[in-house]
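# Sharing a model prediction with you, sequence too.
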Amino acid sequence: MALRITEVFYSLQGEASRAGLPTVFVRLTGCPLRCTWCDTTYSFTGGEAATVESVLAEVAKYPARQVCVTGGEPLSQKDCLPLLTALCDAGYDVSLETSGALDVAGVDPRVSRIMDLKAPDSGELARNLWENLVQLNPRDEIKIVIASRSDYEWARDVLRERQLDRICPVLFSPAQGLIEPQSLAEWILKDGLNVRFQLQLHKLLWGNMQGK
Ligand code: SF4
């Protein structure tokens, strides 16, 4: 089995309900999307060949129970699925960060899927695979990156129309440098949305630094 890996590193989880927990990140190479505000463009190409076994050995070097498989879009590599299962079998608490553009149905049910919905300013609205919503359960999380007031209104309307917060926790995250986090916080409060506002903890601690 072959994987392409951009990096394996150990840091604090910066997002979602596991924020703050020491975590090993496995960043798979490649993504079929091109979000305007993407902060991991270095993962689009390159990377090193690896096997499921070699990734497990690398992960085991770090003292963490949490493993986050991310990208890029990790599901764009077919061997992402056996990697996730192998990590679960090894006893890790495994999360997957995915764009929401690819089918999440085949992911091992022990994995917590952190699935994006792409708002209009991402430039990738048309890539949202809405059928994924029926696959999600309360162990999963939906994340929407918001870059403008119009993105916010889109996210708010989708939240209400599709009752996203009845499926799983929903995260609204400001796009760094494009919107004042305080504005997003105030809009959420004013509308009384049942979502979690989140800032990316790792960027507060270390800035936008690769490997952190
Ligand atoms: S899906 Fe993720 S990795 Fe791919 S372009 Fe969008 S933000 Fe970047």
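On my side now, so go ahead.
# who's in contact with stretch 52-61?
By CB atoms under 8 Å, 6 or more residues apart in numbering, the residues outside stretch 52-61 that reach it are 1, 3, 5, 8, 24, 26, 50, 67, 79, 82-83, 86-87, 90, 92. Backbone N, C-alpha and C define where each C-beta goes, glycine included.
# Pull out the buried residues from it.
52, 55, 56, 58, 59 (16 or more other CB atoms under 10 Å).
# and after the helix ranked longest in the chain, which helix or strand comes next?
Longest helix of the chain, by residue count under DSSP state H: helix 149-162. The C-terminal neighbour of helix 149-162 among helices and strands, as given by DSSP states H and E, is strand 170-174.
# List the strands paired with that next one, with their directions.
strand 141-146 (parallel), strand 196-197 (parallel) (DSSP bridges).
# winner for burial among those?
Among these, strand 141-146 has the highest mean neighbour count (mean count of other CB atoms under 10 Å), at a mean of 24.
# and the direction of that strand versus that of helix 149-162, what angle?
Interaxial angle, strand 141-146 versus helix 149-162 (axes from the mean of the first three to the mean of the last three CA atoms, to 10 degrees): 150 degrees.
# In JSON lines: the strands paired with strand 170-174, plus distance to residue 169 and mean pLDDT.
Output for the strands paired with strand 170-174, formatted as JSON lines (distance: least, CB to CB, whole Å; pLDDT from 0 to 100):
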{"stretch": "strand 141-146", "distance to residue 169": "5", "mean pLDDT": "98"}
{"stretch": "strand 196-197", "distance to residue 169": "6", "mean pLDDT": "98"}
